[in-house]
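Asks: next come a sequence and a model predicted from it.
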Amino acid sequence: MTTRMARAFDPRRAGPGDELAELTGWVWDAEPRSVPAAPAARPIGPVALTILGLGGLAAVALVAGFLAFVAALDRSERVPQGRADGIVALTGGAQRIGDAIDLLAGGYGRRLLITGVNERTSRDEIARLNQTQRHWIDCCVDLDYRARNTIGNAIETRRWMRHNRFSTVAVVTSNYHMPRTLIELDHALQGGDRIVPHPVIAEGFDGADWWHSPSATKLLASEYLKFLVAWVRTRFETDPESSRVAILIGRGKPVKAPVRMVAEPLLRDLR
C-alpha cells in the first residue's frame, strides 16, 4: 500500500504531466508505507488439547455405541420360551397389539395389558381391528389409559402385575424400542420379576439396511439417544413413580384414568 506526500515543485525534477504542479507550485510523490505484520497465531494450550481430545474420544464412543446398539437389535420375531403370567403390549403400532393378542390366544400368558392407549380408543375399536380375536379381547384384555411414555408404561405394568400377583411378564414392542423398554421395566420392577422380551419387526423396517434409509437412520439415532438418557437416569433415581425427572419427561403426572379391566378368564380356556 502506498501514500502520496506533498512537496514543493522543483522545475529540475519536473517530468511529463507536471504542468499542473508548475502552476500550483506543489507536486505529490508516492512513497511506500509499511504494513504492520499480522500477529502470529497463538499455540493451542494443553487444556484446549485435552478438551479436544476428550471430545474426539466421546464422539468415537458415541458412534461406536450407536453401531453396537443397532447390531444388537433383533432382526426376526421369535416365540417366547415358555409361558408368562401376563403379557404387556406397548402401544405405538397396530402390529404390536395383534402379536400380543396372538400370544394370549396361544396360551403364553393369562392376561394381556395394552398400556398407553389413546383416550379416544375403545375396546370395541381394538376388537374391530382384530376381529378374529374378539373372544380374547372381551375376556382377558386390560386397557391402560394413564401411561404417556415408556416410563409410564413401566409404572403401569408394575401396578398391573402387583394387582394380579404376576411375577413373569412377556413384553411386546418394536425391536428398536425393546432395549429402552427393558431398562425402564427392570428399573420399575427392581429386578424382582422375570421379563420375557418379544420384539416386533415393523413392516417396511429393515434393520440390516438402515443406512440407506434417512427415516430409519433418524429413528434409530433418536431411539439410541433416548436409550442413553434412560440408562443414565435409572442409575441415579430409586423409583420412577416419584422421580421428578420422569415427571418432567412425561410433561406432568399421569392422568387419573383407571385401568379398565374385565373378569378373569376361565382357566380351562388356557389349557
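Replies: Alright, I've got the coordinates. Numbering: from 1, shown residues only.

Asks: rest of the way, CA atoms for contacts and neighbours
Replies: Fine.

Asks: does Q81 count as helix, strand or coil?
Replies: Following DSSP: H, G, I helix; E, B strand; the rest coil, the label given to Q81 is coil.

Asks: show me the contacts for it.
Replies: By C-alpha atoms under 8 Å, 6 or more residues apart in numbering, Q81 lies in contact with V196.

Asks: repeat that for 7 Å
Replies: If you count contacts by C-alpha atoms under 7 Å, 6 or more residues apart in numbering, Q81 has none.

Asks: count of neighbours near the closest residue in space to E119 that isn't next to it in sequence?
Replies: Closest residue to E119 apart from its sequence neighbours, by C-alpha to C-alpha, 6 or more residues apart in numbering: Y145 at 6.0 Å. Using other C-alpha atoms under 10 Å, Y145 has 23 neighbouring residues.

Asks: correct me, but Y145 touches S122?
Replies: No - the criterion here is C-alpha atoms under 7 Å, and Y145 misses it with S122 at 10.2 Å.

Asks: what pLDDT, on average, does the lengthiest helix in the chain get?
Replies: Scanning the chain for the helix with the most residues, using DSSP state H, yields helix 46-71. For helix 46-71, mean pLDDT is 87.

Asks: now that helix, how far from the centre of its chain.
Replies: Averaging C-alpha positions (C-alpha atoms, centre = their mean, to the nearest Å) puts helix 46-71 19 Å from its chain's average.

Asks: alpha carbons only: can I get whatever helix or strand comes next after it in CSV?
Replies: Counting by DSSP states H and E, the next helix or strand C-terminal to helix 46-71 is strand 86-90. Extracted C-alpha coordinates of strand 86-90, given in CSV (Å, rounded to 0.1, in the frame of the first residue of the first chain):
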residue,chain,number,x,y,z
GLY,A,86,-49.1,-61.9,31.9
ILE,A,87,-48.4,-60.2,28.6
VAL,A,88,-47.8,-56.4,28.1
ALA,A,89,-48.1,-54.7,24.8
LEU,A,90,-46.9,-51.1,24.4
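
Asks: pLDDT at the residue nearest to E119, what is it?
Replies: 93.

Asks: phi and psi next, for it.
Replies: The phi/psi pair for Y145 (degrees, to the nearest 10) reads phi -110, psi 0.

Asks: same deal with V196?
Replies: As for V196, its main-chain torsions (degrees, to the nearest 10) stand at phi -110, psi 110.

Asks: list the contacts of it.
Replies: P80, V169, A170, V171.

Asks: quick one: the third one is in a strand?
Replies: Yes - when classified by three-state DSSP, A170 is found to be part of a strand.

Asks: quick check: bridge partners of I114?
Replies: According to DSSP bridges, the residues that bridge with I114 are A89, L143.

Asks: isn't it right up against L143?
Replies: Yes - the pair I114 / L143 is scored as a contact, 5.1 Å apart, by C-alpha under 7 Å.

Asks: who touches both of those two?
Replies: With C-alpha under 7 Å, 6+ apart, I114 and L143 have no common neighbours.

Asks: can you show me the strands along the stretch 151-271 of the chain?
Replies: 168-174, 194-200 (DSSP state E, counting those that start in this stretch).

Asks: in TSV, list the ones you listed along with mean pLDDT.
Replies: TSV is the format used below for the strands of the stretch 151-271 of the chain (pLDDT from 0 to 100):
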stretch	mean pLDDT
strand 168-174	94
strand 194-200	92
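
Asks: now tabulate those in JSON lines and tack on distance to A84.
Replies: JSON lines is the format used below for the strands of the stretch 151-271 of the chain (distance: least, C-alpha to C-alpha, whole Å):
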{"stretch": "strand 168-174", "distance to A84": "5"}
{"stretch": "strand 194-200", "distance to A84": "8"}
